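Engineer: what would the 3D arrangement of this be:
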Amino acid sequence: LDLSPKYPMEAARRFCGLDWPTERGFTMVGLVRLRNIAQLLLSVVSEKIPGDYAEVGVWRGGTGILARGILNELERHGSRTVHLFDAFDV
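Structural biologist: Numbers count the residues shown, from 1 in each chain. You can find the predicted model right below:
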């Protein structure tokens, strides 16, 4: 089943996450929301709020990959776990 788009990528739609990424995409989330996640993780770490990161509905895991990378850079000891959950139809 090929769900990839048959039209060229539109930067404005991708920026806001309003399109279906190509077969090379790791997230459906646009840059606006990715920046928001990065800012929230920075806030959580800088304010020393305890806890892990959990994401529900991960598609290909791109946002979780971003979160893991940010947490690795901000907390060298890696005290937080990144939990990713998704549902699959069989």
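Engineer: lowest average confidence, helix or strand, in the chain?
Structural biologist: Every helix and strand in the chain was compared by mean pLDDT, DSSP states H and E; the lowest is helix 11-16, with a mean of 74.
Engineer: what helices or strands is the helix or strand following that helix leaning on?
Structural biologist: Under the assignment DSSP states H and E, the closest C-terminal helix or strand after helix 11-16 is helix 31-46. Helices and strands touching helix 31-46, as assessed by 3 or more C-beta pairs under 8 Å, 6 or more residues apart in numbering; DSSP states H and E, comprise helix 11-16, helix 62-74. Backbone N, C-alpha and C define where each C-beta goes, glycine included.
Engineer: and the residue lying closest to L31 once chain neighbours are set aside, what does it touch?
Structural biologist: Leaving aside its sequence neighbours, L31 sits nearest to F15 (C-beta to C-beta, 6 or more residues apart in numbering; 5.1 Å). By C-beta atoms under 8 Å, 6 or more residues apart in numbering, the contact list for F15 reads G30, L31, V32.
Engineer: just the buried subset of those, written out for ChimeraX, thanks.
Structural biologist: This is how ChimeraX selects the buried members of the contacts of F15, with burial counted by 16 or more other C-beta atoms under 10 Å:
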select :30
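Engineer: just the contacts of F15: which has the poorest pLDDT?
Structural biologist: Scanning the contacts of F15 for pLDDT, the smallest score is found at G30, 84.
Engineer: picking that back up, deepest-packed of the helices and strands packed on helix 31-46, please.
Structural biologist: Of these, the one with the most neighbours on average (mean count of other C-beta atoms under 10 Å) is helix 62-74, at a mean of 17.
Engineer: what separates that helix from the chain centre, distance-wise?
Structural biologist: The chain centre lies 8 Å from the centre of helix 62-74; the measure is C-alpha atoms, centre = their mean, to the nearest Å.
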